[in-house]
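Could you look at this predicted model? Sequence included:
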Number of protein chains: 2
Amino acid sequence: MNVPDQPLYRQLAGHYRRSIESGVLRPGDRMPSMRAFMRQHDVSLATATESYRVLERESLIEARPREGYFVRAANANTLPAAREPDWHDATHREPLVAQFVGMHAAISALVARFQQVPDALNLGGVTAADALFPGEELQKIAVRILRRRPDLLTSPGHERGDPQLRAVIARRALAAGFAVHADEIVMTNGGTEAVNLALRAVTQPGDTVAVESPCFYGLLQVLESLGLRALEIPASPTTGLSVEALEFALQQHPELKAVVVVPHLQNPLGCVMPDAHKQRIVELCTQAGVAVIEDDPYRELVEGETAPRALKAWDSAGTVIHCTSFNKTLAPGMRVGWMAGGRWHARIAMLKFSQSRLNEPLSQAVLAEFLQSQAHERHLRRLRERLRAQRERMAQGIGAAFPEGTRFTPPAGGLAFWIELPRHVSSMALFDAALAERIRIMPGTVFSNSGRFEHCIRVSCPGPLPHSADDALLRIGAIAHRLARENALPGAGAKA
Amino acid sequence: MNVPDQPLYRQLAGHYRRSIESGVLRPGDRMPSMRAFMRQHDVSLATATESYRVLERESLIEARPREGYFVRAANANTLPAAREPDWHDATHREPLVAQFVGMHAAISALVARFQQVPDALNLGGVTAADALFPGEELQKIAVRILRRRPDLLTSPGHERGDPQLRAVIARRALAAGFAVHADEIVMTNGGTEAVNLALRAVTQPGDTVAVESPCFYGLLQVLESLGLRALEIPASPTTGLSVEALEFALQQHPELKAVVVVPHLQNPLGCVMPDAHKQRIVELCTQAGVAVIEDDPYRELVEGETAPRALKAWDSAGTVIHCTSFNKTLAPGMRVGWMAGGRWHARIAMLKFSQSRLNEPLSQAVLAEFLQSQAHERHLRRLRERLRAQRERMAQGIGAAFPEGTRFTPPAGGLAFWIELPRHVSSMALFDAALAERIRIMPGTVFSNSGRFEHCIRVSCPGPLPHSADDALLRIGAIAHRLARENALPGAGAKA
């Protein structure tokens, strides 16, 4: 098979990367404006934007509000970027179809281990700490609404969810690049219920669904619970799901019913999918008659002045089921999610009503009010800033603490880092040793059924970390050093 | 097949019924105390209690707190009690197994009709009006908790639900006759999610589940959405699911995976299952290895000084999955349900986590506090009293308004009446005509797939009714009169 040339935006990013690495461009130098970049390279705005996104993701440049892009100060991270999956390699060419029996047991075993050490420092999650969310502002709104409407607790509320909230959501969807009518929005109990309903709407037990590899273990649990089989499609640590591999899989597996994709801050990779890939995925799946389930809880955490567009923005045929929630960006304690079901809307509405009826009216009323206020955008900006600061500290810590052979690409937002350790280091051994030191991390084993990520871990910076967090990273790094030494085979870093 | 003799409590109830009807006992007369009754007839407390329950249900006697039981004043209800199902009849002997494809469409069509007349007087529901719930007390608790803990809105809360609430629930379960540890309680988004999870835990699509006939249409929707088949088991308007018919069905249908039963205020019949039947159903299903899914949202609305015991009280083998919620008894706007999964607990916990993760912490904290206060029992007592007053007014209204040939048994609590019209009257025609007069009722058609209840309707008294409600009943009655006349065949009331 012919490997296509690198897309233009990658070529241009590579051009600037080399200039920065060779010192032609130096820390603090101003990058060309978008307009200048477009003229200079004769490319579209989309290509210019993508090029800069790649460089931002690699921490080579940074955006300063109302000033433009600048070359960043070199940081302590001397570790190389994560490897691109080589999906032409034989094991990738034969994508793995597996029924995830046992995945839940594996995760439950991990959770049981966590629970034995309840006071451990949690570097394993993807939900930011309470302190980063506008608890007091939400509380004030909630108290005001309760005073005005005590009946909210005692009346079931609107059949299809708070009409005002659905109207606000519909307006906000425009910013994500798509138009949806308030009546086509189904409110759900968090994003997890949305993804469940989407899968139930388009599959029967025994069906096969394509997922990213690595992918969020929670999705693998859902697939197991619904009796579905998963086809793992390689994902790039910089651009997410491989479009090329998906195209191949659609040809080889006509039985595929859906593709589940996390386009923004893919969990665990932390990458953002380029718009051109989004468009192509929607096209391919529309042609193949395969549903795209877009699981999109992190979009508003992506770095940059404007949030990227959803896959749904390229969907004219109703192929995309867009699922999201406010749990990761605004209020983890309010289980409010929603979905736009495309051509499966009626079936999804039926399944939702059968599965759990209505959602709580109070949370919906509080969100409707908060989302319409200036406070929401202000909160998101501040949240992104604080997460960025935490990520920088984290990236430096990882760069300083981990052994040679470790690779990682700083995520494009959010709080989770996907770290590839030297191939012979077991992430389960690292997990065990870290937990013994009262630190929680997530081992790579649970992000796939393929065994490809046994040497990877997901580590996150959930909140305003105590100084002990720097220390915790150093301790994890020290364990990784020890494991790398102990298990190293004479003569090579090859897998034992 | 040999029809067994009437159970003792029924025989004794019949004895007193005849004495009341013949005037031997007169309105206002005191009935024997329980102790005297037991001595006099040489029976157990359970039998004495059941006998009085039957008479209470038939509105022949009433309990006065701390005084005992009295013969009631004759009311205007001159209509006979509902018919017992004759399950020895051929159509009942061959219970109907059906996959409810189309049931959701039928119900959606009804709902769409409702929505066209949004200001109709709703006599079709089973949720009491806001005014009957302690909105202000709950609101005060909610405000206090929010003030103390604004983080409730921004932190995900305990993995398995609020530990304090689960502890309170476990203590309260003792009153329902069973012991369950707080850790064996799974919190759910309302009772509907609980029943869904129970069904998912014990079945695969294509499996068959026994249900009561008639049964709540919402359950038929759930079965359809899960791809399950339903076996309809006749239910008595006074004692619920026929134990005899269930026994027969278990023999004839070894493929049965579960029985779903609503033991208290069965929807739509409004009856309460005698304890002896509960015990027998648990025994039969335990022997057959069939799960009992006890859907029990109305138990605390049953008339009487002490609430009856759940089926789960007779379950020593983990056969019963007990599902309930606070939506019908306390707070329809707080979607808090819970379940005790018996031997399927681990699978249910897994399915719940995969399906919708956590529940909202705020509602759970509010409920934990309210349930521990005196206010809760006070609320339940007052709610039962007010519903009783509404039911009496309703029963009189029905008795006065409906045509000859109408039958109904006043429900043992709650707010819904199941009314059998003359056989040739179409409940859909009545539904249509009532909606044209801006009154919502539920036609019997949606409570079964068998076509046996085409001449029945469910009518309820949701709240402190405006005077227009009496008028509404008169108008429904007038329509029923008209339909009875128009469709009557010469010479008989037989079905056209």
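Happy to help now that I have it.

And the strands in the stretch 251-400 of chain A, which stretches?
A:256-261, A:291-295, A:320-325, A:336-340 (DSSP state E, counting those that start in this stretch).

Save those strands as JSON lines, and put in mean neighbour count, distance to chain B and mean pLDDT too.
From N, CA and C alone the C-beta is placed, and that goes for glycine too. As requested, the strands of the stretch 251-400 of chain A are exported to JSON lines (neighbours: other Cβ atoms under 10 Å in any protein chain shown; distance: least, Cβ to the nearest Cβ, whole Å; pLDDT from 0 to 100):
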{"stretch": "strand A:256-261", "mean neighbour count": "24", "distance to chain B": "14", "mean pLDDT": "98"}
{"stretch": "strand A:291-295", "mean neighbour count": "29", "distance to chain B": "13", "mean pLDDT": "98"}
{"stretch": "strand A:320-325", "mean neighbour count": "29", "distance to chain B": "10", "mean pLDDT": "98"}
{"stretch": "strand A:336-340", "mean neighbour count": "27", "distance to chain B": "9", "mean pLDDT": "98"}
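
from the chain's centre, how far out does stretch A:53-73 sit?
21 Å (Cα atoms, centre = their mean, to the nearest Å).

State the next helix or strand along the chain beyond the helix ranked longest in chain A.
If you go by DSSP state H, chain A has its longest helix at helix A:374-401. Next helix or strand after helix A:374-401 toward the C-terminus (DSSP states H and E): strand A:407-408.

Check what contacts that next one and list those residues.
A:79-83, A:395, A:398, A:417-420 (Cβ atoms under 8 Å, 6 or more residues apart in numbering or on different chains).

hmm, try it at 10 Å
Residues from elsewhere that reach strand A:407-408 (Cβ atoms under 10 Å, 6 or more residues apart in numbering or on different chains): A:77, A:79-83, A:237, A:270, A:395, A:398-399, A:402, A:417-422, A:456-457, A:459.

List the strands paired with that strand, with their directions.
Strand A:407-408 has the following strand partners under DSSP bridges: strand A:416-420 (antiparallel).

Quick check: mean pLDDT of the partner strand?
Per-residue pLDDT over strand A:416-420 has a mean of 96.

Show me how far that strand is from its chain's centre.
That offset, for strand A:416-420, works out to 12 Å (Cα atoms, centre = their mean).

okay, that strand in CSV with CA atoms only?
Taking Å, rounded to 0.1, in the frame of the first residue of the first chain, the C-alpha atoms of strand A:416-420 are listed here in CSV:
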residue,chain,number,x,y,z
ALA,A,416,-3.8,13.9,31.3
PHE,A,417,-0.4,12.9,29.9
TRP,A,418,0.1,9.7,28.0
ILE,A,419,3.7,8.5,28.7
GLU,A,420,5.5,5.7,26.8
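
what is the orientation angle of the longest strand seen in chain A with strand A:256-261?
In chain A, with assignment by DSSP state E, the single longest strand is strand A:229-236. Interaxial angle, strand A:229-236 versus strand A:256-261 (axes from the mean of the first three to the mean of the last three Cα atoms, to 10 degrees): 40 degrees.

pLDDT of strand A:229-236, averaged?
93.

Let's test this: mean pLDDT of whichever helix or strand comes after it, rounded?
Scanning forward in sequence from strand A:229-236 by DSSP H and E, the next helix or strand is strand A:240-241. Here strand A:240-241 scores 96 as its mean pLDDT.

Tell me which residues of the longest helix of chain A come out buried.
Within helix A:374-401, the residues scored as buried using 16 or more other Cβ atoms under 10 Å in any protein chain shown are A:376, A:379-380, A:383-384, A:386-387, A:390-395, A:397-401.

do the same with stretch A:153-170
Buried residues in stretch A:153-170, counted by 16+ other Cβ under 10 Å: A:153-158, A:160-162, A:164-170.

Equivalent analysis for stretch A:125-133, please.
Residues A:125-130, A:132-133 are the ones in stretch A:125-133 that count as buried (16+ other Cβ under 10 Å).

secondary structure element for residue A:105?
Secondary structure from DSSP H and E places residue A:105 in helix A:103-116.

Off-centre distance for that helix?
22 Å.

Tell me which residues are up against the next helix or strand after that helix.
Going down the chain from helix A:103-116, the next helix or strand is strand A:121-122, by DSSP H and E. For strand A:121-122, the external contacting residues (Cβ under 10 Å, 6+ apart) are A:114, A:129, A:434, A:437-441, A:460, A:462-463, A:465-466, A:468-469, A:471-472, A:475.
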